[in-house]
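Q: Sequence first, then the predicted structure:
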Amino acid sequence: MDSPRLHWMRGRQEEGPGVPRTLEWIGCDDAGEAIARVVRIRGPVSTGWRQYWAVALDEEARVVELRPTPPEGAGWLAYIGGQVVGRAALPLQAVRTAEAALGAD
Amino acid sequence: MAGTPLEKIRNIGITAHIDAGKTTTTERILYYTGMSHRIGEVHEGNTTTDYMEQERERGITITSAAVTCSWKNYQINIIDTPGHIDFNIEVNRSLRVLDGAIFIIEGVAGVQPQSETNWRLADRYNVPRIVFINKLDRTGADFFRAVDSLKEKLGIVPLSLQLPIGIEDKFVGVVDLVEMKAIVWEGGELGAKYHDEPIPAELEEQAREYRQNLLDTALSVDDAAMEEYFENGDVSVETLKRCIKAGTISGAFRPVLCGTAFKNKGVQPLLDAVLDYLPSPVDVPGIKVAAEEGEDEHADRRIIKADPNAPFAGLAFKIINDKYGTLTFVRVYAGTLKSGDTVLNTTKGHRERIGRMFQMHADKRQEIKEVSAGDIAAFVGLKDTGTGDTLASPEDPVILERMAFPVPVIDISVEPKTKESIEKMSIGLQKLAGEDPSLRLRTDQETGQTILSGMGELHLEIIIDRLKREYNVEANIGAPQVAYRETITRPYTETYTHKKQTGGAGQFAEVKIVFEPLERNQGVQFENAVVGGAVPREYIPAVEKGIKTQSETGVLAGFPTVDFKATLVDGKYHDVDSSALAFEIASKAAFRDGMKKASPIILEPVMDVEVTTPQDHVGDVVGDLNRRRGMIQSQESTGSTVIVRAHVPLKEMFGYISDLRSMTKGRASFTMQFHHYDPLPRNLADEIMAKSA
């Protein structure tokens, strides 16, 4: 199996009770610079007065609504820079998607 | 029992559609774990867990049997459950007390209706489970199609831990995707000999692809494992197993293994998977205490965790009467108990002294002196403990979450052939009903006949057979009847005054009761909303008793009335002339009068029917189901056969099997199970009312 080309580390964690779940994995190059991110899609999320079907963290860790709503089974977004380069059901698949997109550049 | 560390105990069930191989798999497990020295076969009628005469004669499992075995120094308590829908209560109560389950899926047919029903039951009780795709030696077997059926029919994430090597008569072993090796059975010695070898070259690529999927899925539940993967490009076997276990317990995915129990291949890795991936009593969150009256069923409640040093708490989940007396099967959730100790039956509010205790091995028993958290044992000497009752220490008298029982759909009348048998029949039926909560007994108030209500024709046939064999009662049996029910469709408030003056003390009671319809399957509910003592507290139970007794005989055609609420809102009493009896009579009369004015209707059971038919008979089958007032739900092609699913009133399904056979030249088969109650069409309701009049 191919080794990941980036060094991946935990990004932001979900707050709340129990074991914190990672919301974001950050892929860095050998110099330690963040090149790619994979981000968990959450939803539906209710803010008390409005319901969002799907949200994710953006670069600045703001929760943003995803439009159109991702198809069923898409659990993670892969970003290179600020651009979404793909979706995947599982985080490792999203990591591969991000690395494949990097390789295609 | 006491002595085995909790983390080395597994309480598991084996469940599946009828004839998928549950008992056959259990037999292999008992053989490979050294609990039996030969393999029994269902078709030869000599299996360990099918010990009842009826089970051996018919080749089916009727009652769930508990057996204990040991594998690699772990204690595995196994409950083998029936597959036939008529005995679904056994699956229900077993899943309620188990920590994990093996779901056996047939390698040819994939997920079948009863697997689906049992799966939903396991969902209800949050039972972690692994799937075993069995019968891969059979013609037409297809592992990948069976896995797809898990996704499609159960909506789950199946996680293949193995791939088959060969298929049908060429099936020889499995690829283990966790350790990336092949396991091949050598034949002979009843499957006890097998060895590891490298993955066959032709399967290498497929194995790599499935292993990647395994990593992708399993590691997603554990961030530390993800980091290990990023660091090394792979993870250790221990890490991978830890992730699979975590995902199995949380239900994020369901591990899938495969084999052929009948041909003795695949069972030992299945046992390893039970140890590796199914939880011990300490791995599960524990059991919730029951909701207090009026409390939200879904609200957070206290959880009793498995701890041998905590106050005792256990759940009676099965009762058996045999020649030695009554055996009460108990799952111990917390604490330790010794023979001779006294516990509280917190459900019924009385004390019970524990006589002898046994570890059960199907119909054989081994006496034990102590049980503790995590154990399943049978107690002798309990006087009044029924299925679903909680036994607890007086220092912490908790009531554990109750069990839900299915609704009986078929009635038969039963009468003893001789006068001498009247008492014997009554005792026998009471005991059988005590063992089986899906069997209900009542007396038809008009004819005086005893009516048995059960889950299906086979269920009642077995009960009558047991009555004859175990209690020596010959009985005349009426033809099976649909278990109709009555209910109301609008609220009505009825006031009834019962007044009688016959010289001496009179009778006086007045009740004002609001009758309201409820959603389906809510039964009969009673509430006392009297304020200011208009009806003294001591008479309230009599009012409730009157309503519940009278509800057994509905106002339209005498069927039990269900799904309504009666609220006592007001009333009057007399210091001298009022009594419990007077209030019971008044509430019965209020029911009779009030129900008539609350727009009563008759309900009929509607079945979920699944017919598997060859393509060329689909038209006949669908047309016939329509004639039976069926509503077609779906038609699905699988190769040369079509599965037709429909909702059909039970009344129209009597004798269906012979019609189906003649219609399809014996090539189609069907299964059915209760789905819901629906209002009976007016013309049919009129017919039934005319008959009962």
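A: Here it is on my side, so go on. What you see is a predicted model; the values in this text were computed from it and never measured.
Q: Please report phi then psi for B:Lys417.
A: Torsion angles at B:Lys417 (phi, psi; degrees, to the nearest 10) stand at phi -80, psi -30.
Q: Excluding covalently adjacent residues, which one is nearest to it?
A: Among residues not flanking B:Lys417 along the chain, B:Glu474 sits closest, at 4.4 Å (CB to CB, 6 or more residues apart in numbering or on different chains). All C-beta atoms are positioned from the backbone trio N, CA, C, and that covers glycine.
Q: wait, what's in contact with the one you found?
A: By CB atoms under 8 Å, 6 or more residues apart in numbering or on different chains, the residues touching B:Glu474 are B:Pro416, B:Lys417, B:Thr418, B:Ser421, B:Lys468.
Q: What about those, which are in strands?
A: Mapping the contacts of B:Glu474 onto strands (DSSP state E) picks out B:Pro416.
Q: Which of the contacts of B:Glu474 sits closest to chain A?
A: Nearest to chain A out of these is B:Lys468 (CB to the nearest CB; 55.1 Å).
Q: how far away is B:Ala246 from chain A?
A: As judged by CB to the nearest CB, to the nearest Å, B:Ala246 and chain A stand 10 Å apart.
Q: Report the rounded mean pLDDT for the host helix or strand of that residue.
A: Under the criterion of DSSP states H and E, B:Ala246 resides in helix B:237-250. In this model, helix B:237-250 carries a mean pLDDT of 96.
Q: which SS class is residue 68?
A: Using chain A. The three-state label given to A:Pro68 by DSSP: H, G, I helix; E, B strand; the rest coil is coil.
Q: That was the other one, I meant chain B.
A: strand.
Q: ditto for B:Thr671
A: Put simply, B:Thr671 is strand when judged by three-state DSSP.
Q: B:Leu163 too?
A: Following three-state DSSP, B:Leu163 is assigned to strand.
Q: which residues does residue 5 contact?
A: Going with chain A. Taking CB under 8 Å, 6+ apart as the test, what A:Arg5 contacts is A:Glu99, A:Leu102, A:Gly103.
Q: any idea how far it is from B:Leu680?
A: 68 Å (CB to CB, to the nearest Å).
Q: packing partners for the helix holding B:Ala246?
A: Counting by 3 or more CB pairs under 8 Å, 6 or more residues apart in numbering or on different chains; DSSP states H and E, the packing neighbours recorded for helix B:237-250 are helix B:204-219, helix B:223-232, strand B:254-258, helix B:267-277.
Q: now B:His103, what's its secondary structure?
A: Quick fix: residue B:103 reads Phe, not His. Here B:Phe103 is recorded as strand under three-state DSSP.
Q: Show me what it is bridged to.
A: Beta bridges link B:Phe103 to B:Thr15, B:Val131, judged by DSSP bridges.
Q: B:Glu486 contacts B:Thr553, correct?
A: No - counting by CB atoms under 8 Å, B:Glu486 stays clear of B:Thr553, with 9.3 Å between them.
Q: so what sits against both of those two?
A: Joint contacts of B:Glu486 and B:Thr553 (CB under 8 Å, 6+ apart) are B:Pro560.
Q: Which positions in stretch A:26-46 come out as buried?
A: A:Ile26, A:Gly27, A:Ile35, A:Ala36, A:Arg37, A:Val38, A:Val39, A:Arg40, A:Ile41, A:Arg42 (16 or more other CB atoms under 10 Å in any protein chain shown).
Q: got JSON lines for the residues you listed, with distance to chain B too?
A: Output for the buried residues of stretch A:26-46, formatted as JSON lines (distance: CB to the nearest CB, whole Å):
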{"residue": "A:Ile26", "distance to chain B": "11"}
{"residue": "A:Gly27", "distance to chain B": "9"}
{"residue": "A:Ile35", "distance to chain B": "14"}
{"residue": "A:Ala36", "distance to chain B": "13"}
{"residue": "A:Arg37", "distance to chain B": "14"}
{"residue": "A:Val38", "distance to chain B": "11"}
{"residue": "A:Val39", "distance to chain B": "14"}
{"residue": "A:Arg40", "distance to chain B": "10"}
{"residue": "A:Ile41", "distance to chain B": "13"}
{"residue": "A:Arg42", "distance to chain B": "14"}
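Q: Where is pLDDT lowest across these?
A: Comparing these by pLDDT, A:Arg42 comes last, at 80.
Q: What sits closest to that one if chain neighbours are left out?
A: A:Val55 (5.5 Å).
Q: how about the one you found, what does it touch?
A: A:Ile41, A:Arg42, A:Gly43, A:Val45, A:Val63, A:Val64, A:Glu65, A:Leu66.
Q: repeat for B:Leu650
A: Contacts of B:Leu650 by CB under 8 Å, 6+ apart are B:Val409, B:Ile410, B:Val482, B:Glu604, B:Pro605, B:Val606, B:Met607, B:Phe674.
Q: For B:Met147, give me the pLDDT.
A: One thing to correct before we go on: residue B:147 is Val, not Met. 96.
Q: same question, B:Phe144
A: On pLDDT, B:Phe144 comes in at 96.
Q: May I ask you to confirm that it belongs to a helix?
A: Yes - under three-state DSSP, B:Phe144 falls within a helix.
Q: From B:Phe515, how far out is it?
A: B:Phe144 is 56 Å from B:Phe515, by CB to CB.
Q: Between these two, point out the one with more neighbours.
A: Neighbour totals were compared for B:Phe144 and B:Phe515, and B:Phe515 leads with 23 against 12 (other CB atoms under 10 Å in any protein chain shown).
Q: you'd agree B:Trp71 is up against B:Leu271?
A: Yes - using CB under 8 Å, B:Trp71 makes contact with B:Leu271 at a distance of 4.8 Å.
Q: so what's in contact with those two at the same time?
A: When contacts are counted by CB under 8 Å, 6+ apart, B:Trp71 and B:Leu271 have B:Tyr32, B:Thr33 as shared neighbours.
Q: Need the phi and psi values for B:Leu177.
A: Dihedral angles for B:Leu177 - degrees, to the nearest 10 - are phi -80, psi -10.
Q: in terms of contact, does it touch B:Leu214 like I think?
A: Yes - contact criterion CB under 8 Å: B:Leu177 and B:Leu214 qualify, at 5.2 Å.
Q: Can you pull the residues that touch both of the two?
A: B:Ser160, B:Leu161.
Q: Give me the secondary structure label for the closest residue to chain A within the stretch 451-600 of chain B.
A: Nearest residue of the stretch 451-600 of chain B to chain A (CB to the nearest CB) works out as B:Glu519 at 26.1 Å. Classification of B:Glu519 using three-state DSSP returns coil.
Q: Hmm, it is touching B:Asp563, no?
A: Yes - shown here, B:Glu519 and B:Asp563 form a contact pair, counting by CB under 8 Å, at 6.8 Å.
Q: neighbour-wise, which of the two wins?
A: Legend: neighbour count by other CB under 10 Å for B:Glu519 and B:Asp563, higher for B:Asp563 (19 against 6).
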